[in-house]
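Visitor: Based on what follows, work out the 3D shape:
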Amino acid sequence: MPFEDLVARFGEPRCGDGISTLHQWVFSDAAGNVYTVYDCKATTMYDRSLVSPARFRELPVYKWHIGAYPNVPWESFKAWINQEVNVNPNPDVNGERRDKLLALFSKYDPDRLGYLECSQMRAFLRKIGTKFRRPVTEQSIENTLRDFSEVDSNGHGKVHMIEFINYFLTVYEDIPDEDFLLDLNHFLHPTHDITDTTLRSVFWKLDKDGTGFINASVLRDVADKLASQIGVEFNEAHLQEAMSHFDLTDGVNGIVSEEQFQTIILEMFTKVDHRTFLRETGYFELSVAPERSELLRAVFHRHNAGDTMQAEEMRWYVARFAKLNGTELDDQALIEVCQKFQGVDANGDGNVTELEFVDHFISEMMDTSDFDFHVTVKYFYAGASNWY
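Guide: So this is what the prediction gives:
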C-alpha cells in the first residue's frame, strides 16, 4: 500500500532508527499484543543506490513489514490493516489541511518543480510560526531545515512538496481545524501577495542597516500611524501580546524580522479594504531607503567578520544572482567570474574583498529598480546561511 494511504488513515508515523528504518506505526489489540508496521532498508539512508526518503513517500506502492512477538496472531492484524486501508478506507482526517498546504506550496512553486528553495522555506517557517504565535529562532530554523532530505549542513538545498506538507501537518497538529484553515487562507487570499509586497517595500525603507530586523518600537509606530491614516482603532494591547510570542522581543523591547512585520501588520488590518490599505502604505511618509552599497556591505558581513570572503562563497552569491535572473551558470563559468577579482587564482580559489563584492553587484544591478534591488538583497541575506 502507498505511504500516504497509511498516513491518511493513521496519521504521521513514528521515527525509526534513521538508517535501516525511517518510519513505523505501532498498534496494539484488546489482548495487549503489539504490532509494528515499518519500512526496512528502503532508502538512501541505508544504501545510496535506493530512493531518497522524500521519493520513498511518493512511491505508488510499498510492501511493508509487520513486526510482532512470536505466536502473536499477526495474520489477523495483516487482514485488519488491509481492510482499514485498502478495502474500506476511512476518509483522510487531514484532507482539508493537506489541500490547503498543497495550495500554498503550489502558489510558491509556479514552475511545478516539486520543491522550494531553502530561502523560501525559511520565510514560511517564520510567517506561519508568527501566525500561530510560535517562537521561531534562527537556530531552530536551521535545525529544522537540516531534517529535510536534500538540505546540506550549511542549510542549502531543496524542500520537497511531501516534506513541506507533512512538516506543517505534524508541527501544528494541535491547532484546531477551524483556526488552521482560516489562518492558511490568509496566505492564499488573492490580495495577499500585493499587500505583502507593499509591506516588504515599507520594511526595507525602515531597515536602514540591511540586517533583516527592525526595533519592536518601530513596528508599533508603523501600526499606530497606519491605523490613524486608515481611520481604524489601534489596538496596542493586541500588538504587544502578539509580539510577546516572538523570540527576540517581549512585545515592547527587542527586534522583529521582516516576516513577523508583514504577518502582524496584515493581520491587524485584515478587515480593511485592500485598495485603501495599498493606497495608505503606498503614500506612507517614510525615510528613503538606505544606500545600495550599505545594504550590500551588510550582506557581505553577514557571515564574514573580516574584510574578505572566500571565493567559494562568492561563487555561491554569483550563482544565486544568476538563478534569480533566470540563468544557470556552470562551475567553469563561476570560476571565470571570480578570476576577475584580484585575490582569486587561476583555479578560482582565494579571497574577495568587501569593496570588490560591493562594486560587482552594484555594477550588475545598475538598471535594477530599488524594489527589485531590495528583493535581491533579501534573497542573498536570507538564503546565505552558516558560512562560518
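Visitor: Beyond the strand or helix carrying Leu184, next helix or strand please.
Guide: Assigned by DSSP states H and E, Leu184 belongs to helix 177-188. Proceeding N to C from helix 177-188, the next assigned helix or strand is helix 192-206, under DSSP H and E.
Visitor: what helices or strands is that next one leaning on?
Guide: helix 216-230, helix 258-268, helix 274-282, helix 370-383 (3 or more C-beta pairs under 8 Å, 6 or more residues apart in numbering; DSSP states H and E). In this view, the C-beta of every residue, glycine as well, is placed from N, C-alpha and C.
Visitor: what angle separates that helix from helix 177-188?
Guide: Going by axes from the mean of the first three to the mean of the last three C-alpha atoms, to 10 degrees, helix 192-206 is angled at 70 degrees with respect to helix 177-188.
Visitor: in helix 192-206, what counts as buried?
Guide: Of the residues in helix 192-206, His192, Thr195, Asp196, Thr198, Leu199, Arg200, Ser201, Val202, Phe203, Trp204, Leu206 count as buried by neighbour count, 16 or more other C-beta atoms under 10 Å.
Visitor: can you pull the pLDDT of Ser363?
Guide: Ser363 carries a pLDDT value of 87.
Visitor: no wait, Lys100
Guide: 88.
Visitor: could you list every residue that touches Thr368?
Guide: Thr376 (C-beta atoms under 8 Å, 6 or more residues apart in numbering).
Visitor: What of Ile230?
Guide: By C-beta under 8 Å, 6+ apart, the neighbours of Ile230 are Phe269, Val272, Thr276, Phe277, Glu280.
Visitor: Which of these are buried, as a PyMOL select command?
Guide: Only the buried entries of these go into this PyMOL selection, using 16+ other C-beta under 10 Å:
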select buried, resi 269+272+277+280
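Visitor: what about the strands in the stretch 1-150 of the chain?
Guide: Counting by DSSP state E, counting those that start in this stretch, the stretch 1-150 of the chain has these strands, from start to end: 14-15, 23-28, 34-38, 65-68, 115-117, 150-151.
Visitor: Pick the most deeply packed of those strands.
Guide: strand 115-117 (a mean of 20; mean count of other C-beta atoms under 10 Å).
Visitor: picking up where we left off before, using CSV, write out the CA atom coordinates for the helix holding Leu184.
Guide: The C-alpha atoms that make up helix 177-188 are tabulated as CSV, following Å, rounded to 0.1, in the frame of the first residue of the first chain:
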residue,chain,number,x,y,z
ASP,A,177,-9.1,22.7,12.2
GLU,A,178,-11.1,25.9,12.0
ASP,A,179,-8.2,28.1,13.1
PHE,A,180,-5.6,26.2,11.0
LEU,A,181,-7.7,26.5,7.8
LEU,A,182,-8.7,30.1,8.4
ASP,A,183,-5.1,31.3,9.1
LEU,A,184,-3.8,29.5,6.0
ASN,A,185,-6.5,31.2,4.0
HIS,A,186,-4.7,34.4,5.0
PHE,A,187,-1.7,33.4,2.9
LEU,A,188,-3.8,32.2,0.0
